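S.K.: take this sequence and fold it.
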Amino acid sequence: MLPVMKSDIVLEKDDNILIIDAKYYAHTTQQQFNKATVHSANLYQIFTYVKTNKKS
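M.R.: Here you go, the predicted structure:
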């Protein structure tokens, strides 16, 4: 029932993990209160990828 969060590419070598998720926007940042900010949904998505791919 819940959507699966899956990054575009995951590369692993030894203890290193590289998580790649591609996005395209006409503008890299968004304007909020006359200040350029990163799309917060993308930060939450990256955080989720890192936490779910963490090796124990």
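S.K.: how many neighbours does residue 49 have?
M.R.: The number of residues packed near residue 49 is 18, by other C-beta atoms under 10 Å. Quick note: C-beta positions are derived from backbone N, CA and C, even for glycine.
S.K.: would you mind measuring from it to residue 35?
M.R.: For residue 49, the distance to residue 35 equals 26 Å [C-beta to C-beta, to the nearest Å].
S.K.: now swap in residue 50 and tell me
M.R.: Residue 50 is 26 Å from residue 35, by C-beta to C-beta.
S.K.: who's more crowded, those two?
M.R.: residue 50 (12 against 8).
S.K.: elements contacting the host helix or strand of the more buried one?
M.R.: Using DSSP states H and E, residue 50 maps to helix 40-52. Under the contact criterion of 3 or more C-beta pairs under 8 Å, 6 or more residues apart in numbering; DSSP states H and E, helix 40-52 touches strand 16-20.
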